[in-house]
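# I'd like to go over a predicted model; first the sequence, then the structure.
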Amino acid sequence: MKKIPKDLDTIIIGSGIGGLSTAAILAKEGKRVLVLEQHDIAGGNLHTFTDNGYEFDTGLHYIGGKVGVKGSPLRKQFDYVTDSQVEWESLDDAYDIAISGNERYNFVSSWKRLKKELKMSFPDDELAIEKYFSTCHYTVKYIFPLYLALKMLPETLFNVGEWLFSRQLSIINKTTKEVLDSITSNQKLQGVLTYHYGDYGETPSRGSFLMNALIACHYRSGAYYPVGGPLKISENISAVIEKWGGKVLVRAPVSSILIDDTSNRAYGVVVKGKQILAKSVVSSVGVPTTFMKLIPQSHQSLVSKYIDIMKNDEEVASNISLMSMFVGISDPDSSLNLPKSNYWIHNSWDHDQNMSDYRSDPFKIPAMFISFSSAKDPTYNQRHLGKQVALVIGPCSYQDVAQFEGDRVKHRSKEYVAMKVKWEEMFKKTLLEHFPQLEGKIEYKELGTALTNDYYLGTHKGAVYGLAHTPKRFAQYWLRNKTPVKNLYLSGQVVCCGVTGALVGGYMCAYTMSASALLHTAFVWS
């Protein structure tokens, strides 16, 4: 309690990129801010951990948006909240490699070359390929900014704007499958173009085309990784917050938001039984956790209809989680020659069928993502000489592990351990199939499930993506920075999932709370 600044303006719950960026922007506006993190390290999905001498990232595996180019909008957005203290390393030219069976497609950092290569593979679909990329570009450049602007308006004006621009906004109401069906009947091409659905957790028949377009455009000029690892981002944002008089505290789990009975105004939080007061509260720990757990029962009537939507509407509620296997690799002579690319490995190009098969059998993993952060970070070897790390990620249905949620961490039942061992064997087999040079080099491996996400990242039912990224989600006006509780705001994944999505959500939250913040940071968007 002695570390808490006096006369707090804002308390931010959670230290993901959304919460940290909101805090840094407000701190630079002269606000007294306090960030509270339940884990023992700040950063949310930016945090890294070290075990057995191996350092692993957890949620940031690559970023596009020309973040490695000084002066680009995304770079300026990161630079503003980090005081330009984070550098970025470019991934391989083929930043993503999509694989199914013996088929392999390289997604390279030039749309011109990418389209050329795709047309060589699909010569009968040249016009469809052009149409797909032009539709993605139009959606992201024109429709998405319009959508964000409308979401900042009061509900009445939002409804008017939605009516005025209904034709332009209609694509937001469509799934990826619906849009692609209107472009091409080639199902294999559709599967290749949607190889990256794992970035937001929804297969083409459920996922919003808006999200598909955002991901496609985000990497149109390649991908990057933070030099020194993702933790450098949160460390430097935290330093900015404290430089401007704020504070970031860890091991500070918020159990409840304080809300005045008369005015329905948030005025603080409860941490370990102690009240911390402030003029406003920002939650960056996700809408389900905020509304269902942190708002007291006495005031949940203010958000009850939204809780019902999140609980009962399968198009809005989180659909899937992830499990991750962290792999430590011995490489004393630096001879493994690991790539700076990400590998997306699919059972087939029919992603919806793959997911359907998985729903009926949790050991029919539909897709895996393989990444080597030690190869992406040029400073990794300086910190961990002779070591490399791999990350293998696949989907995880919360219902498959829900029966073990009451078990103590590190002491869960034999049945849970047996499931993990079986998944580990499958992940390891796939890893060695594609990188046989790792045979006999693996010294460490640990797999975390949706339950692991809840414990370490504070997610709700393992939902690392937040709410489902379906068209229905983007139609929810209430899913915005301002909540029905006065002086309670949402940051982070209000816009969409991903580090960049949460960063944008952090900026929008700051703008909702402070008009001067928008004036002082308008330059970062051009």
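Yep, that arrived.

# how much space between the closest residue to residue 255 other than its chain neighbours and residue 13?
Taking Cβ to Cβ, 6 or more residues apart in numbering, and ignoring the residues beside it in sequence, residue 255 has residue 270 as its nearest neighbour in space, at 5.1 Å. Yep, even glycine has a C-beta here, placed from its N, CA and C like the rest. Distance, residue 270 to residue 13, using Cβ to Cβ, to the nearest Å: 11 Å.

# what's the answer for residue 231, then?
Counting by Cβ to Cβ, the gap from residue 231 to residue 13 is 20 Å.

# neighbour count: the two, which is higher?
residue 13 (27 against 20; other Cβ atoms under 10 Å).

# show me the contacts for that one.
The neighbours of residue 13, taking Cβ atoms under 8 Å, 6 or more residues apart in numbering as the test, are 19, 36, 254, 257, 269, 281, 282, 283, 284, 285, 290, 294.

# test my guess that the second one contacts residue 8.
No. Counting by Cβ atoms under 8 Å, no contact exists between residue 36 and residue 8, whose distance comes to 10.9 Å.

# more neighbours: which of the two?
Ranked by neighbour count (other Cβ under 10 Å), residue 36 and residue 8 place residue 36 first, with 24 against 20.

# would you mind measuring from the more buried one to residue 3?
For residue 36 relative to residue 3 (Cβ to Cβ), the value is 11 Å.

# overlap of the contact sets of these two?
Common neighbours of residue 36 and residue 3 (Cβ under 8 Å, 6+ apart) are residue 249.

# may I have the secondary structure class of the closest residue to residue 36 other than its chain neighbours?
Excluding its sequence neighbours, the residue lying closest to residue 36 (Cβ to Cβ, 6+ apart) is residue 252, at 4.2 Å. Here residue 252 is recorded as coil under DSSP: H, G, I helix; E, B strand; the rest coil.

# now do the contacts for residue 252.
Counted by Cβ under 8 Å, 6+ apart, residue 252 has contacts 36, 37, 38, 271, 272.

# do the same with residue 375
338, 339, 340, 388.

# could I get the strand or helix carrying it in CSV with only the CA atoms?
Per DSSP states H and E, residue 375 falls inside helix 373-376. Output of helix 373-376 as CSV, limited to C-alpha atoms (Å, rounded to 0.1, in the frame of the first residue of the first chain):
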residue,chain,number,x,y,z
SER,A,373,11.6,-17.3,-30.9
SER,A,374,15.3,-18.0,-30.3
ALA,A,375,15.9,-17.7,-34.0
LYS,A,376,13.9,-14.5,-34.4
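
# so residue 199 is in contact with residue 498, correct?
Yes. Using Cβ under 8 Å, residue 199 makes contact with residue 498 at a distance of 6.8 Å.

# how much space separates residue 270 from residue 19?
Where residue 19 is concerned, residue 270 sits at a distance of 18 Å (Cβ to Cβ).

# between the two, which one's more packed in?
The neighbour count for residue 270 versus residue 19, taken as other Cβ under 10 Å, is higher for residue 19 (31 against 16).

# so what's in contact with residue 270 and residue 13 at the same time?
Taking Cβ under 8 Å, 6+ apart as the contact rule, residue 270 and residue 13 both touch 254, 257.

# wait, residue 152 touches residue 512, no?
Yes. Residue 152 is within contact range of residue 512, at 7.0 Å (criterion: Cβ under 8 Å).

# so which of the two has more stuff around it?
Taking other Cβ under 10 Å, residue 152 and residue 512 do not tie; residue 512 has more neighbours (20 against 15).

# look at that one and give its secondary structure.
Here residue 512 is helix, with the state taken from three-state DSSP.

# mean confidence score for the helix holding residue 375?
Helix 373-376 comes out with an average pLDDT of 97.

# now do stretch 421-436
Averaging pLDDT along stretch 421-436 gives 97.

# again with stretch 183-202
On average, stretch 183-202 scores 97.

# stretch 239-252 now?
97.

# next, the buried residues of it.
By neighbour count, with 16 or more other Cβ atoms under 10 Å as the criterion, the buried positions of stretch 239-252 are 240, 241, 242, 244, 246, 247, 248, 249, 250, 252.

# just these: which are in strands?
When DSSP state E is applied, the buried residues of stretch 239-252 are split such that 247, 248, 249 fall in strands.

# got the end-to-end distance for stretch 316-323?
21 Å (Cα to Cα, to the nearest Å).

# by neighbours, which of the contacts of residue 252 wins?
Most surrounded of the contacts of residue 252: other Cβ under 10 Å gives residue 37, at 29 neighbours.

# helix, strand, or coil at the closest residue to that one other than its chain neighbours?
Leaving aside its sequence neighbours, residue 37 sits nearest to residue 15 (Cβ to Cβ, 6+ apart; 4.0 Å). Put simply, residue 15 is coil when judged by three-state DSSP.

# can you count the residues close to residue 15?
Neighbourhood size, residue 15 [other Cβ under 10 Å]: 31.

# which other residues reach stretch 16-23?
10, 12-13, 33, 35, 42-46, 81, 233-234, 237-238, 241, 246, 248, 282-285, 491-494, 499, 502-503, 505-507, 509-510, 513.

# pull out the buried residues from that stretch.
Applying 16+ other Cβ under 10 Å to stretch 16-23 flags 16, 17, 18, 19, 20, 21, 22, 23 as buried.

# ok, the fourth one to residue 281 distance?
This means residue 19. 11 Å.

# any shared contact partners between these two?
Going by Cβ under 8 Å, 6+ apart, residues that sit against residue 19 and also against residue 281 are 12, 13.

# in this protein, what helix or strand scores lowest on average pLDDT?
helix 450-457 (a mean of 85; mean pLDDT, DSSP states H and E).

# helices and strands around it, which ones?
strand 321-330, helix 398-401 (3 or more Cβ pairs under 8 Å, 6 or more residues apart in numbering; DSSP states H and E).

# CA atoms only for that helix, dumped as CSV, please.
This file holds the C-alpha atoms of helix 450-457, laid out as CSV (Å, rounded to 0.1, in the frame of the first residue of the first chain):
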residue,chain,number,x,y,z
ALA,A,450,-6.6,-23.8,-21.3
LEU,A,451,-6.4,-24.3,-17.5
THR,A,452,-2.8,-23.0,-17.7
ASN,A,453,-4.0,-19.9,-19.5
ASP,A,454,-6.5,-19.2,-16.7
TYR,A,455,-3.9,-19.6,-14.0
TYR,A,456,-1.0,-17.6,-15.5
LEU,A,457,-2.8,-15.1,-17.8
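
# flag every buried residue along that helix.
Neighbour count says helix 450-457 has 450, 451, 452, 453, 454, 456, 457 buried, by 16+ other Cβ under 10 Å.

# wait, the fourth one sits on residue 322?
Yes. Taking Cβ under 8 Å as the contact criterion, residue 453 and residue 322 are neighbours in contact, 7.1 Å apart.

# quickly list what's touching both of these two.
Common neighbours of residue 453 and residue 322 (Cβ under 8 Å, 6+ apart) are 462, 464.

# got a list of what residue 453 touches?
Contacts of residue 453 (Cβ under 8 Å, 6+ apart): 321, 322, 459, 462, 463, 464.

# using CSV, lay out those together with neighbour count.
Supplementary listing: the contacts of residue 453 in CSV, determined by neighbours: other Cβ atoms under 10 Å:
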residue, neighbour count
321, 26
322, 22
459, 26
462, 26
463, 26
464, 23
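
# and those residues, which is closest to residue 226?
Of all these, residue 226 sits closest to residue 464, with 19.0 Å by Cβ to Cβ.

# just to revisit the earlier point, after the helix holding residue 375, next one along is what?
helix 380-383.

# partner strands of whatever helix or strand comes next after that following helix, parallel or antiparallel?
Under the assignment DSSP H and E, the closest C-terminal helix or strand after helix 380-383 is strand 387-396. The pairing partners recorded for strand 387-396 under DSSP bridges are strand 321-330 (antiparallel), strand 367-371 (antiparallel).
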